[in-house]
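Chemist: Fold the following and give me the result.
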Amino acid sequence: MIDYNNLINGIITTKINAITSFNLFLFIIIALILSLMIDMVFGELPTRVHPVVIMGSIINFFKKLFINVKNRLSGLFVVLCVYSVSIIILYIIYLICSCNFALFFIVFVILLSSTFSVNMLLKTAVDVKVALDESIDKARQLVSYLVSRDTDELTESFIVSATIESLTENITDSYVAPVFYYFIFAALILWHPIDNQLFYLLAIPMAYRISNTLDAMLGYQTDELKDIGFVPAKIDDILNFIPSRIAGIFIVISSYLLKFDGKNAYEIMMRDARKCPSPNSGYTMATTAGALNIQLIKKDTYILGDDNKDITKEDISKAVSLSKVTIYLFTIVIILLLALIYVIL
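Modeler: You can find the predicted model right below:
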């Protein structure tokens, strides 16, 4: 006797695994647009269910397990264990949601949105500007959550600089990189569909977010973390190498669109991007400094841009506008490229 429930579930699962052609293209595009909208409108998911918070708990567990292994292999062990556990959890969610396409799509979009952090990134910068209107001590406290430097004695100009540095450095981590890897895999499955392709389409940007979280939690040059954080930091550097440079180019283009100094943005990016200790962060920070004709300074570490004018809190608003246009422009180009790939294939 035929078990119709199993048959129907099997058909639904097969459709999710083998969705083809135009429907796959629509799924990829609509999921990306809706996930960005969710992040921009609603911001972060509740802490108790946020994938990044869950990743952090998993990382902490394996950090405690391997922290006493006093060589760089400890970091490799943490990376492998965290990736394994996280992907298994994600696959279980995928299997559960595969019984219903509407449920699957909703969960997919929400989880994809969790790999972005655009709303929080922009809001935090705006909050610092508002705090500067009220109290410099309040602004110092807010900036202390963004940067690792001592903020107790920072003047207004250094607070503004630190805020813009944090904002623009994180354009890559918070949006461009996860969407870049989403795009790469989306293009591959449009060209050659595979089994469980929608699982991998979500797993790729999630894997990037895992790497970024590992680096954020372990990638510091302290006595405790210098060994266990080495591998996570290097993996994050490798994964951000291309996206950071793409982000820099899009900031240049966005500078022209906003009638900032696009020419100077490109020149300062090429001149100063490699002044930062990180091989990637300078490509967005230096470009923004050039676009706004300001200097971004971290004492005893780097000076980006030329001292063409005094930096003021209004430059935060300009940097926020520049970041928004960069993110929207990048999204539009990604959609157009996917459309072109679909038409060609």
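
Chemist: Correct me if wrong: residue 183 contacts residue 335.
Modeler: No - if you go by C-beta atoms under 8 Å, residue 183 and residue 335 don't touch, sitting 9.3 Å apart. Placement of C-beta: from N, CA and C, glycine included.

Chemist: Show me which of these two is the more surrounded one.
Modeler: residue 183 (21 against 15; other C-beta atoms under 10 Å).

Chemist: So which elements touch the helix or strand where that one lies?
Modeler: Using DSSP states H and E, residue 183 sits in helix 177-191. Counting contacts by 3 or more C-beta pairs under 8 Å, 6 or more residues apart in numbering; DSSP states H and E, helix 177-191 packs against helix 21-42, helix 197-218, helix 230-257, helix 314-344.

Chemist: Mean pLDDT and distance to residue 133 for the ones you listed - can I get that in a markdown table?
Modeler: Supplementary listing: the helices and strands packed on helix 177-191 in a markdown table, determined by pLDDT from 0 to 100; distance: least, C-beta to C-beta, whole Å:
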| stretch | mean pLDDT | distance to residue 133 |
| --- | --- | --- |
| helix 21-42 | 94 | 24 |
| helix 197-218 | 96 | 30 |
| helix 230-257 | 97 | 26 |
| helix 314-344 | 96 | 11 |
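
Chemist: Of the ones you listed, which is nearest residue 158?
Modeler: helix 314-344 (12.5 Å; C-beta to C-beta).

Chemist: Of all the residues in that closest one, which ones are buried?
Modeler: Using 16 or more other C-beta atoms under 10 Å as the test for burial, helix 314-344 gives 315-316, 318-320, 322-323, 325-328, 330-331, 334, 338, 341-342.

Chemist: Please report how far the most centrally placed residue in the chain lies from residue 43.
Modeler: The centroid of the chain falls nearest to residue 174 when counting by C-alpha atoms, centre = their mean (2.4 Å). Per C-beta to C-beta, to the nearest Å, residue 174 is found 12 Å from residue 43.

Chemist: where do the contact lists of those two overlap?
Modeler: Counting by C-beta atoms under 8 Å, 6 or more residues apart in numbering, the shared contacts of residue 174 and residue 43 are residue 120.

Chemist: quick one, phi/psi of residue 114?
Modeler: Backbone geometry at residue 114, expressed as degrees, to the nearest 10, gives phi -70, psi -10.

Chemist: where exactly do the strands run in the stretch 51-200 of the chain?
Modeler: For the stretch 51-200 of the chain, no strands turn up when DSSP state E, counting those that start in this stretch is the criterion.

Chemist: What segments of it are helices?
Modeler: Along the stretch 51-200 of the chain, the segments classed as helices by DSSP state H, counting those that start in this stretch run 51-66, 73-97, 101-113, 118-134, 136-144, 156-171, 177-191, 197-218.

Chemist: buried stuff in stretch 271-279?
Modeler: Buried-residue list, stretch 271-279, by 16+ other C-beta under 10 Å: 272-273, 276, 278.

Chemist: Next: stretch 28-41.
Modeler: 28-29, 31-32, 34-36, 38-40.

Chemist: Over to stretch 192-206?
Modeler: 196-199, 201-206.

Chemist: Identify the residues contacting it?
Modeler: By C-beta under 8 Å, 6+ apart, stretch 192-206 touches 16-20, 24, 27-28, 51, 86-87, 90-91, 94, 104, 108, 111-112, 115, 178-179, 181-182, 184-186, 189.

Chemist: 6 Å instead?
Modeler: 16-17, 90, 94, 108, 111, 115, 178, 181-182, 185, 189 (C-beta atoms under 6 Å, 6 or more residues apart in numbering).

Chemist: what does stretch 214-225 give?
Modeler: 59, 228-229, 232-233, 236.

Chemist: which one of those residues has the most neighbours?
Modeler: Going by other C-beta under 10 Å, residue 228 tops the contacts of stretch 214-225 with 28 neighbours.

Chemist: so what pLDDT did it get?
Modeler: Predicted confidence (pLDDT) at residue 228: the value is 94.

Chemist: Residue 71 versus that one, what's the distance?
Modeler: Counting by C-beta to C-beta, the gap from residue 228 to residue 71 is 9 Å.

Chemist: quick one: residue 188 and residue 121, what's the gap?
Modeler: On the measure of C-beta to C-beta, residue 188 and residue 121 end up 28 Å apart.

Chemist: So between the two, which is more surrounded?
Modeler: residue 121 (23 against 16).

Chemist: so what's the closest residue to that one other than its chain neighbours up against?
Modeler: Closest residue in space to residue 121, ignoring its immediate chain neighbours: residue 174 at 4.8 Å, by C-beta to C-beta, 6 or more residues apart in numbering. Contact analysis of residue 174 by C-beta under 6 Å, 6+ apart lists 117-118, 121.

Chemist: Residue 244 reaches residue 282, doesn't it?
Modeler: No - contact criterion C-beta atoms under 6 Å: residue 244 and residue 282 do not qualify, at 8.3 Å.

Chemist: Please verify my assumption that residue 319 contacts residue 165.
Modeler: No - with contact defined as C-beta under 6 Å, residue 319 does not reach residue 165; the gap is 9.4 Å.

Chemist: low-confidence ranges in the stretch 1-150 of the chain?
Modeler: Per-residue confidence for the stretch 1-150 of the chain (pLDDT under 70) gives these ranges: 1-20.
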